[in-house]
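Engineer: need coordinates for the following:
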Amino acid sequence: MRENPIYTQIRIGKNYKDFKIIKIKTMRSTDNNDKYGNAFNEQKRITKFGEILRKFKLDELLQLLNILKGEMNFFGPRPETPNLISIIDKKNTDIILSIKPGLFSYSSVKYFYEELEIKKNRTTDSDYFSKILKDKIKLNIKFVKDKSFFINFLILTNLFKKIFYK
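Structural biologist: Numbering: from 1, shown residues only. Okay, here's the model as predicted:
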């Protein structure tokens, strides 16, 4: 039986409103995945085709539908799962969720190849929470405070550099 190539997952948007983010499926399904998904220690489930899609961020293309539905913007902090939102300090979460989430932000540039780096370096959950997530929170707060057309232009320029000039 063929799997559905489209994947949805609950994410938290502006003012703590949840929505279903839409992506192209890049991982093999498991029976033990809850409705909120489990983002960690599943790198071995990424398909070869999925790795290519992720490398060029093509799995994010369907999020244009989330933008058209008004749930996301092109620029803003990446939307997180409810389980991650629940462990972030409320003061920081309030700042991050004061604007719509987006496809592109400071953290999406810095951690452009995050999944591939985690796979290569065998990053543990505790490494992710103590280092990467902590940094992403700082970058997302910085984005909310700095947001402007110029910042968006810089982010887009840096993303193109990551894609085409690795």
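
Engineer: need the helix or strand of this structure with the lowest average pLDDT.
Structural biologist: Using mean pLDDT, DSSP states H and E, helix 114-121 stands out as the lowest-scoring helix or strand of the chain, at a mean of 55.

Engineer: which residue ranges of the protein form helices?
Structural biologist: 48-55, 63-68, 82-85, 90-96, 106-110, 114-121, 125-127, 133-146, 149-165 (DSSP state H).

Engineer: the longest one to helix 133-146, inter-axis angle?
Structural biologist: Here helix 149-165 runs at an angle of 140 degrees relative to helix 133-146 (axes from the mean of the first three to the mean of the last three CA atoms, to 10 degrees).

Engineer: and helix 149-165, what does it pack onto?
Structural biologist: If you count contacts as 3 or more CB pairs under 8 Å, 6 or more residues apart in numbering; DSSP states H and E, helix 149-165 packs onto strand 73-75, strand 102-104, helix 106-110. For the C-beta atoms, the positions are set from N, CA and C on the backbone; glycine is no exception.

Engineer: contact partners of it?
Structural biologist: 56-57, 74-75, 104-106, 108-109, 112-113, 143 (CB atoms under 8 Å, 6 or more residues apart in numbering).

Engineer: buried residues, it. List them.
Structural biologist: 152, 155, 158-159 (16 or more other CB atoms under 10 Å).

Engineer: next, the angle helix 48-55 makes with it.
Structural biologist: 140 degrees.

Engineer: got the CA coordinates for helix 149-165 in CSV?
Structural biologist: C-alpha atoms of helix 149-165 as CSV (Å, rounded to 0.1, in the frame of the first residue of the first chain):
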residue,chain,number,x,y,z
PHE,A,149,11.8,44.7,5.3
PHE,A,150,15.6,45.0,5.4
ILE,A,151,16.0,42.1,7.9
ASN,A,152,13.7,40.0,5.7
PHE,A,153,15.9,40.8,2.7
LEU,A,154,19.1,39.9,4.6
ILE,A,155,17.5,36.6,5.6
LEU,A,156,16.4,35.8,2.1
THR,A,157,19.9,36.7,0.7
ASN,A,158,21.6,34.4,3.3
LEU,A,159,19.2,31.5,2.5
PHE,A,160,20.1,31.8,-1.2
LYS,A,161,23.8,31.7,-0.3
LYS,A,162,23.2,28.5,1.8
ILE,A,163,21.3,26.8,-1.1
PHE,A,164,23.5,27.8,-4.0
TYR,A,165,26.9,28.5,-2.5
